[in-house]
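> Turn this into a model:
(2 chains)
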There are 2 protein chains.
Amino acid sequence: MMTDISYTFQPIGFIRSDLTRREDAPRQGYEGAPDAWIEVSASVAQALHGITVGDALIILTWFHRSARDVLQVHPRGEIENPLTGVFATRSPDRPNPIGLHRVTVLEINGNSLKVGPIEAIDGTPVIDIKPVLPQSADS
Amino acid sequence: MMTDISYTFQPIGFIRSDLTRREDAPRQGYEGAPDAWIEVSASVAQALHGITVGDALIILTWFHRSARDVLQVHPRGEIENPLTGVFATRSPDRPNPIGLHRVTVLEINGNSLKVGPIEAIDGTPVIDIKPVLPQSADS
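Presented below is the predicted three-dimensional model:
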């Protein structure tokens, strides 16, 4: 336990992808990741209103296969890279394994969005969807 | 319940800010938000190793005061803006109220990072910390 407080969430949807094995997934979306569908739960489908093809979105996922007790890693899994705290890396193994993916909306079909590129594997829970803010360098 | 599956997390730390009321918080960090401290739990402090002053980070927070049953909003709270799905907006009210904040590290003191600008109010739980990826437009 990191703190005495805990929070619970239910996924708003799931990734449907041809990527099925974590070891086949690129480390980042821009490193050759495929497109995938996000199947959004019918109960929150109203929250998609206003999203259109071509939009730039941030998808937040929960890396459900991650090791949550890992605090330091060799970045990119290469032993020559010195041990680094996971908060200074994008390691999927981390205390709260949230994935952050910048994608473009390619197609919309009912409650499902086709987006890409995205390195999350099939079945990955989706926590939230946000627009990229054009005013900001981030998002 | 959005799905039958739920996940639980403990915050990795908390925001310590002079901003104490949600109604005083700017809508985005770059709209005049202050600097704040992130107090990281000692149990995960090793995960900070490698973060240095000047780094650009993404801070993920949990907007614990949000309404999670809101699916559509008038963007920026302005009634003239047509009702829009929260996944197409940055509304803090949303099914899983995750905040995404791009900040710069200003100071490091033990397990605490001074960062800014950040519009999260005092006491906001912090879920994760990630580096901005220079290769990517996102993050």
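> Could you use CA atoms for every contact and neighbour count after this?
Noted.
> Could you double-check that A:Ile5 lies in contact with B:Pro11?
Yes. Counting by Cα atoms under 8 Å, A:Ile5 touches B:Pro11, with 7.2 Å between them.
> from the middle of its chain, how far away would the lengthiest strand in chain A be?
Across chain A, the longest stretch assigned as strand under DSSP state E is strand A:98-109. If you compare the mean C-alpha spot of strand A:98-109 with that of the full chain, they lie 9 Å apart, counting by Cα atoms, centre = their mean, to the nearest Å.
> Pull out the buried positions in that strand.
In terms of neighbour count (16 or more other Cα atoms under 10 Å in any protein chain shown), strand A:98-109 has its buried residues at A:98-106.
> Equivalent analysis for stretch A:42-56, please.
By neighbour count with 16+ other Cα under 10 Å, stretch A:42-56 contains the buried residues A:44-51, A:55-56.
> before we move on, back to that, so A:Ile5 and B:Pro11 - more neighbours on which side?
Neighbours per residue (other Cα atoms under 10 Å in any protein chain shown) separate A:Ile5 from B:Pro11, with B:Pro11 holding more: 23 against 10.
> sorry, back to before: which elements pack onto the longest strand of chain A?
Judged by 3 or more Cα pairs under 8 Å, 6 or more residues apart in numbering or on different chains; DSSP states H and E, the packing partners of strand A:98-109 are strand A:56-62, strand A:112-116.
> To A:Leu133, which of the ones you listed lies closest?
Nearest of the helices and strands packed on strand A:98-109 to A:Leu133, taken as Cα to Cα: strand A:56-62 at 8.8 Å.
> If you compare the directions of the closest one and strand A:112-116, what angle comes out?
For the pair strand A:56-62 and strand A:112-116, the angle between their directions (axes from the mean of the first three to the mean of the last three Cα atoms, to 10 degrees) equals 100 degrees.
> and strand A:56-62, which strands flank it?
strand A:98-109 (antiparallel), strand A:125-131 (antiparallel) (DSSP bridges).
> Show me what it is in contact with.
Outside of strand A:56-62, the residues within contact range by Cα atoms under 8 Å, 6 or more residues apart in numbering or on different chains are A:97-105, A:120, A:124-132, A:139.
> How far off centre is that strand?
Taking Cα atoms, centre = their mean, the mean C-alpha location of strand A:56-62 is offset from the chain mean by 5 Å.
> Which helix or strand lies directly C-terminal to it?
strand A:72-73 (DSSP states H and E).
> and the end-to-end length of stretch A:34-54?
Start and end residues of stretch A:34-54 are separated by 16 Å (Cα to Cα, to the nearest Å).
> Output the below-cut-off pLDDT ranges for chain A.
A:1-3, A:135-139 (pLDDT under 70).
> what's the neighbour count on the closest residue to A:Ile5 other than its chain neighbours?
Taking Cα to Cα, 6 or more residues apart in numbering or on different chains as the measure, A:Ile5 lies nearest to B:Gln10, with 6.0 Å between them; neighbours along the chain are not counted. The local packing count at B:Gln10 equals 18, with neighbours defined by other Cα under 10 Å.
> wouldn't B:Gln10 be in contact with A:Thr8 here?
No. No contact is recorded between B:Gln10 and A:Thr8 when judged using Cα under 8 Å, the distance being 9.0 Å.
> what's the overlap in contacts for these two?
In terms of Cα under 8 Å, 6+ apart, B:Gln10 and A:Thr8 are not both contacted by any residue.
> quick one: which helix or strand includes the residue lying farthest from the centre of chain A?
Outermost residue of chain A with respect to the C-alpha centroid, by Cα atoms, centre = their mean, is A:Glu80; its distance is 27.0 Å. Element membership for A:Glu80 (DSSP H and E) is empty, with no helix or strand holding it.
> residues in contact with the longest strand of chain A?
Under the contact criterion Cα under 8 Å, 6+ apart, strand A:98-109 has outside partners A:29, A:52-63, A:92, A:113-118, B:128, B:138-139.
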